[in-house]
Each structure stands twice: as C-alpha cells, then as structure tokens.
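In: only the shape, not the letters, is given here:
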C-alpha cells in the first residue's frame, strides 16, 4: 500500500550517495506531475577521475538497453537535466502514483533489465522520466555480479528477451527472439562453446517464461495510452 508514501527511493546496495542527493530529485517530481521518476547521476566509485556510470537508461533500435553516458569523463556533457527513455534502478526517486498505475518490478527477472522493463511499461502509459545531474551517487559497479560473469550474461540475455516480448512492438520482439538462437550457434561455430552454452541456457529459461511474458503483453497492450511509433520515434 503506497497511500501514505510521499516518494519511493531506490539505491543499490553497492552504491553510496553524496550529501543532498535527494532534494534535487524531489524538486523535479514536485515541479512536473507527469514525471514518474527522477534519475540521479551515477558515477563510478573507483575511477581516478570522475567518470559516468549512468545518466539514465537508453534503448537501442535492436532492443538492447545501455547506460547513457557510460564511461564519459566530460561531466559538462551531462550537466543538464534531460528526459530519458528509462530510469536506472541504481539511484532513482519514484512517484507512488506511477507505481500504482504501472505496477512494481517483475520479480521473475531477479537481476538486470527489471528497471528498463518497468520504465517501458510506464512509457506506454504516458509517464516520463528525468535525469537530474545535481543529484550524485557513486557506484561500485558490478560488485554484486561480476561484469562478464555467467550470472550476468544469463540474466541479461534472458530478461532482455522477456522484456521485449512484454513491451516491444511485435517486429522488434520477434526479430530478437528469432536471432538469439542463431547468435548462439554462431558462438559454437567459432569455438566459443562456453559462451554458447550460457546463451542456450538463457534461451531455454526465456522459453519457460514465455507464457508469462505473453500474458503480460496482452495486459500491457490493453492498458497502453501511447502507441509504439510515437514512443520509439526518438531511438
């Protein structure tokens, strides 16, 4: 029950906030009732110079998500508030009305893409998200799941496919689902047997989640108030 909650803040267990980080996010949501979330500027915790980890999440035309600004050291390029396709769950302030309208994380995801999935569902309902650079958080990137590990690869690939089936236009989702086993075979053909094995496991797990994803797709499609062409025109 979110009835008595003013806002919901999420901060990763491997991140720490700068003093005063919350006020700019609250101000953003107070000033624009159409915003479902305000996203902090996330910096890498261990870099010798300030380096961007995330300035909001982007969606690529092939359905992959990525950290906006990842690896950038020119912080001036990310010093202006900007609307983003999706918010990053590392450090974000959420409006309870947005969550009440759209729902919570899909717990089946467990790791990765759960924030982009929830963001996309909200975008289809007309919600918007703002990157707020004056709110700063430092992130010990991938300390919970090592970058490039089997754990990360499995959940990233499985969950991306589930998200696309739930939220994406039919052609985008279908293309990703068809291409995935072909890319898996390509890894095997080039002698990358372990990578191919992890991909095969991810695809099998995706197929086991497909009935859930299709049910969710029907529900999301019935409730959407923004069409795909309008939403994806910015990609």
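Out: Structure's in. What do you need? Values in this document were obtained by computation on a predicted structure and should not be read as measured data.
In: helices of the protein, start to end?
Out: 22-31, 96-102, 114-123, 150-167, 170-189, 193-223, 228-232 (DSSP state H).
In: okay, these, which one's buried deepest?
Out: Scoring the helices of the chain by mean neighbour count under mean count of other C-beta atoms under 10 Å gives helix 114-123 as the most buried, with a mean of 24. No exception for glycine: its C-beta is placed from N, CA and C like everyone else's.
In: give me the contact list for that helix.
Out: 36-37, 57, 59, 65, 85-89, 92, 98, 101-106, 109, 129, 159, 162-163, 166-168, 220, 226, 231 (C-beta atoms under 8 Å, 6 or more residues apart in numbering).
In: quick check: mean pLDDT of that helix?
Out: Looking at helix 114-123 alone, the average pLDDT works out to 98.
In: what's the angle between that helix and helix 150-167?
Out: 10 degrees (axes from the mean of the first three to the mean of the last three C-alpha atoms, to 10 degrees).
In: how about the helices of the chain in JSON lines, adding distance to residue 69?
Out: As requested, the helices of the chain are arranged in JSON lines below (distance: least, C-beta to C-beta, whole Å):
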{"stretch": "helix 22-31", "distance to residue 69": "17"}
{"stretch": "helix 96-102", "distance to residue 69": "24"}
{"stretch": "helix 114-123", "distance to residue 69": "16"}
{"stretch": "helix 150-167", "distance to residue 69": "19"}
{"stretch": "helix 170-189", "distance to residue 69": "24"}
{"stretch": "helix 193-223", "distance to residue 69": "27"}
{"stretch": "helix 228-232", "distance to residue 69": "21"}
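In: out of the ones you listed, nearest to residue 8?
Out: Ranking these by proximity to residue 8 (C-beta to C-beta) places helix 96-102 first, at 6.2 Å.
In: any idea how far the spatially most central residue of the chain is from residue 109?
Out: With distances taken as C-alpha atoms, centre = their mean, residue 116 lies nearest the centre of the chain, 2.6 Å away. Residue 116 is 10 Å from residue 109, where distance means C-beta to C-beta, to the nearest Å.
In: now residue 87
Out: The separation that residue 87 has from residue 109, given C-beta to C-beta, amounts to 15 Å.
In: more neighbours: those two, which one.
Out: residue 87 (28 against 20; other C-beta atoms under 10 Å).
In: so what's the more buried one up against?
Out: Contacts of residue 87 by C-beta under 8 Å, 6+ apart are 37-39, 56-57, 94, 115, 119, 129.
In: so which of those residues is the most crowded?
Out: Counting neighbours by other C-beta under 10 Å, residue 39 leads these with 33 neighbours.
In: from what I see, residue 163 and residue 113 are in contact.
Out: Yes - between residue 163 and residue 113 there is a contact under C-beta atoms under 8 Å: 5.1 Å.
In: quick check: which ranges of the chain have low pLDDT?
Out: Within the chain, the stretches with pLDDT under 70 are 1, 142-143.
In: in it, which strand is the longest?
Out: strand 128-139 (DSSP state E).
In: show me how far that strand is from its chain's centre.
Out: The chain centre lies 14 Å from the centre of strand 128-139; the measure is C-alpha atoms, centre = their mean, to the nearest Å.
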